[in-house]
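In: Fold the following, please.
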Amino acid sequence: MLLRDVEYGDVDAYVRMRCDPVMMAELGGPLPREGMEAKVQRDVQRVAADTDWTKMIVPDEAELDVVAGTVTLWPHDEDGERISEIGWMVLPEYQGQGLGKQGVRKLLELARDDGRWGLIHAFPATTNAPSNGICRTLGFRFLGKQDVPFAGRVLQTNHWAIDPRADLT
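Out: Down below sits the predicted model:
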């Protein structure tokens, strides 16, 4: 398994992840197909500017175009404070193989080595047992429940945080 930067050719993977009702069940339902090219383009530009890290989870190094999911780290404002947030998605046929946990761990290791991200927050839906399990097993601290706006919706989430410099074992 390896992580690679998002590329313009990853539109199909984005559509499979973000426009599918099953994949988006924990995030309030599927997003519209329109706009996925623009979303990939924005993500590629943010990666090129080194403001965000959007990584594609590649299960086999010999097949770089085969994608199992994504793991992303980005800064944004939360209640007037600048925070770093991590999020991930794994396609159904790759779920249960540990690829999500491996991808999150690798990105946290990169963040630890980079040093600029500080405390990293995750907000999986309260009902998303696999994502909450990843947070728990990787050493995130549970901070409580929190309503989070996402794509014009409000999600009920668990708020987790980790300092990769101190908490990553």
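In: Helices of the chain, start to end?
Out: 11-18, 36-48, 99-114, 129-138, 164-167 (DSSP state H).
In: Where does pLDDT dip in the chain?
Out: Applying pLDDT under 70 to the chain flags the ranges 169.
In: before we move on, back to that, can you list the helices of the chain in TSV and add mean neighbour count?
Out: (Each C-beta comes from the backbone N, C-alpha and C, glycine too.) Below are the helices of the chain laid out as TSV (neighbours: other Cβ atoms under 10 Å):
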stretch	mean neighbour count
helix 11-18	19
helix 36-48	15
helix 99-114	19
helix 129-138	17
helix 164-167	16
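In: between those, which one is nearest to Val71?
Out: Of all the helices of the chain, the one in closest proximity to Val71, counting by Cβ to Cβ, is helix 99-114 (4.2 Å).
In: re the thing from before, in CSV, list the helices of the chain along with distance to Leu73.
Out: Listed next are the helices of the chain as CSV, based on distance: least, Cβ to Cβ, whole Å:
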stretch, distance to Leu73
helix 11-18, 17
helix 36-48, 11
helix 99-114, 6
helix 129-138, 14
helix 164-167, 10
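In: Looking at the ones you listed, spot the one closest to Glu85.
Out: Closest among these, using Cβ to Cβ: helix 99-114, at 11.4 Å.
In: what sits against the nearest residue to Tyr14 once chain neighbours are set aside?
Out: Among residues not flanking Tyr14 along the chain, Met36 sits closest, at 5.0 Å (Cβ to Cβ, 6 or more residues apart in numbering). Neighbour list for Met36: 11, 14-15, 18-19 [criterion: Cβ atoms under 8 Å, 6 or more residues apart in numbering].
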